[in-house]
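Colleague: Predicted model follows, preceded by the sequence.
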Amino acid sequence: MKEAISINNLSYSYPDGHQALTGVSLQITSGEKVALIGPNGAGKSTLLLHLNGILSGTGNIKIMGLEPTQENLPIIRALVGLVFQNPDDQLFSPTVFEDVAYGPIYQGLDKITVQSRVNQALDDVHMREYQERVSHHLSLGEKKRIAIATVLSMQPEILILDEPSSGLDPRARRELIRLLRELPQTLLVATHDLLLVRELLPRAVVIDGGRVAADGDTAEIFSDSFRLESHGLELPT
């Protein structure tokens with residue numbers, strides 16, 4: 001299988017000198033469903049922002065075989081769909097249709113193709129009937145689905161989500177899990193929701209202090225409560 005994401009010895013310091021990542025190496029195969037877990041401040045979000053070139057540290061990154069050079073960034077940003085924790089960071093247009101259409105329009109696609117992309121993306125998240133709704137009037141769960149649709153309309157190979165279940169009520173959370181299970185893309189999900197991880201993501205990567213502390217089968221990692229607790233994690237009973 002082809003590697004979707006290859007990270008070797010990635011390090012990054014913020015302008016204030018805070019060392020956020022130190023020597024991170026991680027390989028993810030196309031089609032894998034992977035959790036990125038760890039305490040607050042561990043470096044999870046910083047790592048995600050390197051995968052479509054928002055941040056750039058030292059080390060080597062390849063996305064579907066491409067290095068994030070200035071020339072390759074437009075291609076990589078089409079390959080990698082990044083869904084932020086707060087959907088309001090991605091929803092800014094007057095209607096749901098315009099939010100979901102923004103990416104394909106930016107890609108220069110014709111009107112018929114844009115409409116087709118929007119329809120398919122909204123079908124994927126079971127929100128086709130919301131096209132003319134105002135995004136900011138939706139519930140948090142609905143907004144998160146639309147935010148995912150804005151990324152799916154770009155037809156990415158890789159879907160990266162930062163705390164997708166944060167703030168959701170049980171029904172919306174259950175719907176989100178069902179949605180993510182249906183999607184064919186390679187998934188990398190940064191989350192504190194260990195029950196979601198256990199149910200949805202067969203592989204877990206623990207990051208703590210900017211380093212990879214564990215990487216392996218989710219069930220095996222979750223079976224060691226002492227290791228989880230040592231990295232600020234606790235599996236609910």
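Modeller: Looks like it arrived, so ask away.
Colleague: okay, CA-based contacts and neighbour counts for the rest of this
Modeller: Will do.
Colleague: who's Ala204 bridged to?
Modeller: Beta-bridge pairing of Ala204 under DSSP bridges involves Ala35, Gly216.
Colleague: ok, it touching Ile221?
Modeller: Yes. Ala204 is in contact with Ile221 according to CA atoms under 8 Å; the separation is 7.4 Å.
Colleague: Just want to know which of the two has more residues nearby.
Modeller: Ala204 (26 against 17; other CA atoms under 10 Å).
Colleague: Tell me how far Ile54 lies from Ala172.
Modeller: 29 Å (CA to CA, to the nearest Å).
Colleague: These two: which has the busier surroundings?
Modeller: Ala172 (18 against 11).
Colleague: That one belongs to a helix, doesn't it?
Modeller: Yes. Using DSSP: H, G, I helix; E, B strand; the rest coil, the assignment for Ala172 is a helix.
Colleague: sec struct for the residue lying closest to it once chain neighbours are set aside, please.
Modeller: In this structure, Ala172 finds its nearest non-sequential neighbour in Gly141, 5.3 Å apart by CA to CA, 6 or more residues apart in numbering. Following three-state DSSP, Gly141 is assigned to helix.
Colleague: residues contacting Gly141?
Modeller: 168-169, 172-173, 176 (CA atoms under 8 Å, 6 or more residues apart in numbering).
Colleague: Quick check: pLDDT value at it.
Modeller: With respect to pLDDT, Gly141 scores 92.
Colleague: Then the one 3 residues further on?
Modeller: pLDDT recorded at Lys144 is 93.
Colleague: just the strands in this protein please.
Modeller: 3-13, 19-29, 33-37, 58-63, 80-83, 158-162, 186-190, 203-208, 211-217 (DSSP state E).
Colleague: Which one of those strands lies nearest to Leu47?
Modeller: strand 19-29 (7.4 Å; CA to CA).
Colleague: CA atoms only: put that closest one into PDB for me.
Modeller: Extracted C-alpha coordinates of strand 19-29, given in PDB (Å, rounded to 0.1, in the frame of the first residue of the first chain):
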ATOM      1  CA  GLN A  19       9.500  23.700  21.400                       C
ATOM      2  CA  ALA A  20       6.300  22.200  20.200                       C
ATOM      3  CA  LEU A  21       7.600  19.100  18.300                       C
ATOM      4  CA  THR A  22      10.900  17.200  18.700                       C
ATOM      5  CA  GLY A  23      12.000  14.500  16.300                       C
ATOM      6  CA  VAL A  24       8.500  13.200  15.400                       C
ATOM      7  CA  SER A  25       8.400  10.300  12.900                       C
ATOM      8  CA  LEU A  26       5.200   8.800  11.700                       C
ATOM      9  CA  GLN A  27       4.100   6.800   8.600                       C
ATOM     10  CA  ILE A  28       0.400   6.400   7.600                       C
ATOM     11  CA  THR A  29      -0.600   4.100   4.800                       C
END
